[in-house]
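>>> coordinates for the following, if possible.
(chains A, B, C and D)
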Number of protein chains: 2
Amino acid sequence: MARPRIKDVARRAGVSEKTVSNVINDYAHVSERTRTAVREAIDELGYRVNLAGRHLRRGRTGIIALVVPELDIPYFADLATLIITEAERNAMTVLVHQTREDRRRELAALEGFGSDFADGLILSPLTLTGTDLRDRPGAPPTVLLGERVRPGQADHVAIDNERAAREATVHLLELGRRRIWVIGGKEGTEPGTAEVRSAGHRAALEAAGLPWDPAVLLRVENFRALDGALAVRRLLDAGETPDGLLCLNDQLALGAMRELHDRGLRVPEDVAVVGFDDVEGGRFSVPSLTTVAPDKHAVARVALELLMVRISERDTGGAITPPRERVVAHRLLVRESSMGTGSRA
Amino acid sequence: MARPRIKDVARRAGVSEKTVSNVINDYAHVSERTRTAVREAIDELGYRVNLAGRHLRRGRTGIIALVVPELDIPYFADLATLIITEAERNAMTVLVHQTREDRRRELAALEGFGSDFADGLILSPLTLTGTDLRDRPGAPPTVLLGERVRPGQADHVAIDNERAAREATVHLLELGRRRIWVIGGKEGTEPGTAEVRSAGHRAALEAAGLPWDPAVLLRVENFRALDGALAVRRLLDAGETPDGLLCLNDQLALGAMRELHDRGLRVPEDVAVVGFDDVEGGRFSVPSLTTVAPDKHAVARVALELLMVRISERDTGGAITPPRERVVAHRLLVRESSMGTGSRA
DNA sequence: ATGAAAGCGCTAACAA
DNA sequence: TTGTTAGCGCTTTCAT
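Numbers count the residues shown, from 1 in each chain, chains lettered A, B, ... in the order given. So this is what the prediction gives:
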């Protein structure tokens, strides 16, 4: 037989539909007897709430869409884990989409996928421009992660990427490294993470009175270990002799270290390597990987916090406050890949 | 102003609501003129479909719930990536839950989270028993991954874990290894992956005329690199001298290799290491990791296939066919962690 | 090819 | 404390 509805439960318990609804929603003013009777009827019939009906009525779905480039890049997996946990704490569930760096998918996400089944959106964009974010009437409340898209268009959570890159570079300079390359530029994307971090790198060099050459930013196809390995291969094949690598994520760094190893170069003695993100792989690699560790818990917590505020703002139809910019902490974790090599300058 | 509804679009375009609906759903018999007019009205008003309404009416949500233990374990992240991709191909979206190995969460998932907002469920269980899966009237169609829960209770996709473990063990034996430990037992779980793989290990030993001792199965708290490292630490501290390790996932293996390195033991010369899952970390580690590679694409594809069949079965109210058991391919990828060490027997 | 009316399952507003 | 009524936005008959 068909699945039971509130009506069926009501009939069985000898009460009205509204009373059943009250019980389901833990409404305070229900007598103990009625409550028990309804509960029994629910159990006997195996009744479950139909969320479509509830959503339609309430105007909220309880779903947050999380949109990331690729879920199988550990940084995003870590983030997703934390965001799902944080969402659960807010009685929300998380629907995950992957853009695979496709601009159209990112735009579709921005528009709520042509529908409005998510109450809110957490988006880690790669290709979006400031203009994409302007004028999205009816689009769901949105929090952006990671990129410094032109500020002021939507709520945004990130670490101070410029400073983080500067600190990482200073660290390499203090080890006496002078031939530092940066791995992780992306072709054809908006000024994003790579550019901001590159600026930090440049600032560190210039503060040390050293020259800066835009050619030290090596482009990659993707942000995986393979791409880091390929970048190093190209670099070495070109006859360069790096003594430091600033990799814009840990996967790139791990791939780079593997390639250096295959070329007979020692890390950190010959080449010191620093990554970004603090993923598990870098904690157990040989050598372990120095990395810029963002406070991922904070990213998740703040993102949810901002989003929940926006969602209630929309619900109450109140005034729309201007976009918020939130910076979370990071720290440089010095590990074997850049350790104990003293000054060689 | 409030977000536009079909009614508003209809009024603006001078047609009925039904006609707007026809246009939205690409119904064939709509005149070109009408279609254009409606499209214009939609654009002008910025109309988007309200999925709550659609879901309620259609009785389907287009959402699949994916339930995994932890999304930040690369194997599950890989799987999630592929399942999301495959779901998209089937015009479904994926909602991700994490059980964090909590039995109550797994049970809640089985019951559709006390509601029915997902059309179907893909679940990678750790603690469920055969009884949990019996008699779930009204529960959503379900496909189980990975565990060999007692068969015949629900659709199930997995590799042949027993054979895979046997092959991996044979490989270690052929290298002349005789003191092989297995890392990855779990306390207090139902006979699952660990037990099945352990059986394969045993079978390989016995086929080679070697004794088998249940004590070679080392328990772990979790399936992360840290746990692999700790297991090796305990083993070495106990004065054992393993020459082979069969780790039940790659994270455990990578952690184990790191600990072996810290103890001055060489991989593979002193200890050969094999993992399961073929995650990216093992392809770029030093040494690279020999692993049992399941055909993850096939897992995702078959899981979706089974689920979509079940969903339409339910929709059409047709006969319920018995649970299907599907085995997907795997292969042993021999890499540096178990390579070129000849016979040492 | 298009329209009118009914109803999916639920809960808010109001009434008793 | 509990019941009645209405309606959320959409699509499905069934007419025309």
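
>>> do stretch A:324-335 and chain B meet?
No: Stretch A:324-335 does not reach chain B (CB under 8 Å from any CB of the partner chain); its nearest approach is 11.8 Å. To be clear about C-beta, it is placed using only N, CA and C from the backbone, and glycine gets the same treatment.

>>> ends of that stretch, what's the gap?
End-to-end span of stretch A:324-335 (CA to CA, to the nearest Å): 34 Å.

>>> could you check how far the residue in chain A that DNA strand C sits nearest to is from residue A:24?
Of all residues in chain A, residue A:53 sits closest to DNA strand C, at 2.8 Å by CB to the nearest atom of the strand. Distance of residue A:53 to residue A:24, computed by CB to CB, to the nearest Å: 11 Å.

>>> more neighbours, these two?
residue A:24 (18 against 15; other CB atoms under 10 Å in any protein chain shown).

>>> run a quick neighbour tally on residue A:114.
Around residue A:114 there are 11 residues (other CB under 10 Å).

>>> thought it was touching residue B:49?
Yes: in this structure, residue A:114 is within contact of residue B:49 by CB atoms under 8 Å, at 6.7 Å.

>>> what's the closest non-adjacent residue to whatever residue of the stretch 101-250 of chain A ends up closest to chain B?
Per CB to the nearest CB, residue A:117 is where the stretch 101-250 of chain A lies closest to chain B, at 3.7 Å. Among residues not flanking residue A:117 along the chain, residue B:51 sits closest, at 3.7 Å (CB to CB, 6 or more residues apart in numbering or on different chains).

>>> excluding sequence neighbours, find me the nearest residue to residue A:60.
residue A:119 (5.3 Å).

>>> the one you found: neighbour count?
Residue A:119 has 24 nearby residues by other CB under 10 Å.

>>> quick one: it from residue A:8, how far?
Applying CB to CB, the value for residue A:119 to residue A:8 is 29 Å.

>>> ditto for residue A:298
Applying CB to CB to residue A:298 and residue A:8 gives a distance of 47 Å.

>>> do residue A:166 as well
The value you get for residue A:166 to residue A:8, if CB to CB is used, is 65 Å.

>>> same question for residue A:282.
56 Å.

>>> those two: who's more crowded?
Counted by other CB under 10 Å, residue A:282 and residue A:8 do not tie: residue A:282 has more neighbours, with 28 against 18.

>>> who are the packing partners of whatever helix or strand the residue of chain A closest to DNA strand C lives in?
Here residue A:53, judged by DSSP states H and E, is contained in helix A:51-58. Here helix A:51-58 touches helix B:51-58, going by 3 or more CB pairs under 8 Å, 6 or more residues apart in numbering or on different chains; DSSP states H and E.

>>> go again with 10 Å.
helix A:17-24, helix B:51-58 (3 or more CB pairs under 10 Å, 6 or more residues apart in numbering or on different chains; DSSP states H and E).

>>> what's the mean pLDDT across it?
For helix A:51-58, mean pLDDT rounds to 88.

>>> is the helix or strand following that helix anywhere near chain B?
Next in sequence after helix A:51-58, counting helices and strands by DSSP H and E, comes strand A:63-68. Yes: residues of strand A:63-68 are located near chain B by CB under 10 Å from any CB of the partner chain, namely A:63-66, A:68.

>>> would you mind measuring from the nearest residue to residue A:270 once chain neighbours are set aside to residue A:179?
Among residues not flanking residue A:270 along the chain, residue A:243 sits closest, at 6.8 Å (CB to CB, 6+ apart). Look at residue A:243 and residue A:179: by CB to CB, they are 5 Å apart.

>>> who's more crowded, those two?
Neighbours per residue (other CB under 10 Å) separate residue A:243 from residue A:179, with residue A:243 holding more: 20 against 12.

>>> now do the helix holding residue A:53 against helix A:17-24, angle only.
Per axes from the mean of the first three to the mean of the last three CA atoms, to 10 degrees, the angle that helix A:51-58 makes with helix A:17-24 is 100 degrees.

>>> and the host helix or strand of residue A:326, which strands flank it?
In this structure, residue A:326 sits in strand A:325-328 according to DSSP H and E. Under the criterion DSSP bridges, strand A:325-328 sits next to strand A:155-159 (parallel) in its sheet.

>>> sort out which residues of stretch A:204-221 are buried, please.
For stretch A:204-221, burial by neighbour count (16 or more other CB atoms under 10 Å in any protein chain shown) applies to A:204-205, A:216-218, A:220.
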